[in-house]
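S.K.: Sequence plus the predicted model coming up.
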Number of protein chains: 2
Amino acid sequence: MLTGKESRRIRRKGYCAERQLVKKLRRCGFESVRVPVSAPSSEPLPDVFAIKDETLLAFEVKAPNSEKAYFRRKQVEKLFEFLDMFDLCKRKLAIIAGKFPYKWVFKRIEKPDDYVLQKEERSNTSSSD
Amino acid sequence: MLTGKESRRIRRKGYCAERQLVKKLRRCGFESVRVPVSAPSSEPLPDVFAIKDETLLAFEVKAPNSEKAYFRRKQVEKLFEFLDMFDLCKRKLAIIAGKFPYKWVFKRIEKPDDYVLQKEERSNTSSSD
């Protein structure tokens, strides 16, 4: 169980990571938006999404203190549900993102499932530049 | 100034109206999503959006107790900013929606501005069916 103070700190870290990712994406020429309070709702919304030409990206973002970031299937499913809405976009990527201390890791995923990102693994998408 | 109880009641009413609109849109064949807590943030997100083929709709929703619903320019601007992201969509509509007691009014708007919806006015968009 988390105390109120701990859970506020985690939320603030998550918020900062998401803001940072949005800025990163804008620098890469994407239009990008952070969706506030996406997690607790059942709506099919990612934490962050981005669009450029015919490419749509949907991100689930974690900012753990430790070396691992855990993504639950239920949260990951929302990425695919969101992307599915946009038939128009030719290229649609679901990406889990871990903001570890001093390092981002991005992983493009192909299907809803439980995932673990490790700080030491390499990103498999070029969105990490 | 609103008491905590009053502002909770208003938020709950707004939430119910948005949920109802999402259902309405899904019945019309749109993919539709409610964006939780869109208002207090500065992100360019509508209260509700919907997509079908090449048509994208962005809604700002109010559920007043009185005969008038007021929409501030700042909130309305977000609809246009959101729609602007999706170059792909051929038809993009910004719509202000008032859920009055026993009656919805929908108005398609062409530019950011302050708007007032009156309970007795007629909708100018077919999304109201």
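M.R.: Thanks, I have it.
S.K.: what does the lengthiest strand in chain A contact?
M.R.: In chain A, with assignment by DSSP state E, the single longest strand is strand A:91-100. With C-beta atoms under 8 Å, 6 or more residues apart in numbering or on different chains as the test, strand A:91-100 has contacts from A:13, A:17, A:20-21, A:48, A:54-64, A:67, A:69, A:71, A:76, A:79-80, A:83, A:86, A:104-110, A:115, A:117, A:119, A:125, A:127. Heads up, the C-betas are built off the backbone N, CA and C, glycines and all.
S.K.: what about A:Asp113, neighbour count?
M.R.: Neighbourhood size, A:Asp113 [other C-beta atoms under 10 Å in any protein chain shown]: 11.
S.K.: Now it: closest residue in space, sequence neighbours ignored.
M.R.: A:Arg73 (5.6 Å; C-beta to C-beta, 6 or more residues apart in numbering or on different chains).
S.K.: give the contact list for that neighbour.
M.R.: Taking C-beta under 8 Å, 6+ apart as the test, what A:Arg73 contacts is A:Pro112, A:Asp113, A:Asp114.
S.K.: do the same with A:Leu25
M.R.: A:Ser32, A:Val48, A:Ala50, A:Leu57, A:Ser127 are the contacts of A:Leu25 under C-beta under 8 Å, 6+ apart.
S.K.: Check A:Phe71 too.
M.R.: So A:Phe71 contacts A:Glu60, A:Lys62, A:Ile96, A:Asp114, A:Tyr115, A:Val116, A:Leu117 (C-beta under 8 Å, 6+ apart).
S.K.: partner residues bridging it?
M.R.: A:Phe71 forms beta bridges with A:Tyr115, as assigned by DSSP bridges.
S.K.: my read is A:Arg12 is in a helix, agree?
M.R.: Yes. Residue assignment for A:Arg12, taken from DSSP: H, G, I helix; E, B strand; the rest coil, places it within a helix.
S.K.: Where strands are concerned, which of the contacts of A:Leu25 count?
M.R.: A:Ser32, A:Val48, A:Ala50, A:Leu57.
S.K.: Run through the residues you listed and flag the ones next to chain B.
M.R.: Here nothing survives when these are matched to chain B using C-beta under 8 Å from any C-beta of the partner chain.
S.K.: would you list these in TSV and tack on neighbour count and pLDDT?
M.R.: Formatted as TSV, those follow (neighbours: other C-beta atoms under 10 Å in any protein chain shown; pLDDT from 0 to 100):
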residue	neighbour count	pLDDT
A:Ser32	22	96
A:Val48	26	96
A:Ala50	25	97
A:Leu57	26	98
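S.K.: Can you name the residues of chain A that neighbour chain B?
M.R.: A:31, A:33-38, A:40-41, A:43-45, A:51, A:53-54, A:82, A:84-89.
S.K.: pLDDT-wise, which helix or strand of chain A ranks last?
M.R.: Least confident element among the helices and strands of chain A, by mean pLDDT, DSSP states H and E: helix A:4-27 (a mean of 88).
S.K.: Give the buried residues for that helix.
M.R.: By 16 or more other C-beta atoms under 10 Å in any protein chain shown, the buried positions in helix A:4-27 come out as A:Gly14, A:Ala17, A:Glu18, A:Gln20, A:Leu21, A:Val22, A:Lys24, A:Leu25.
S.K.: which among the residues you listed gets closest to A:Gly4?
M.R.: Nearest to A:Gly4 out of those is A:Gly14 (C-beta to C-beta; 15.7 Å).
S.K.: okay, now the closest residue to A:Leu83 other than its chain neighbours: neighbour count?
M.R.: The shortest distance from A:Leu83 to any non-neighbouring residue, by C-beta to C-beta, 6+ apart, is to A:Lys92 (4.2 Å). Counted with other C-beta under 10 Å, residues neighbouring A:Lys92 total 19.
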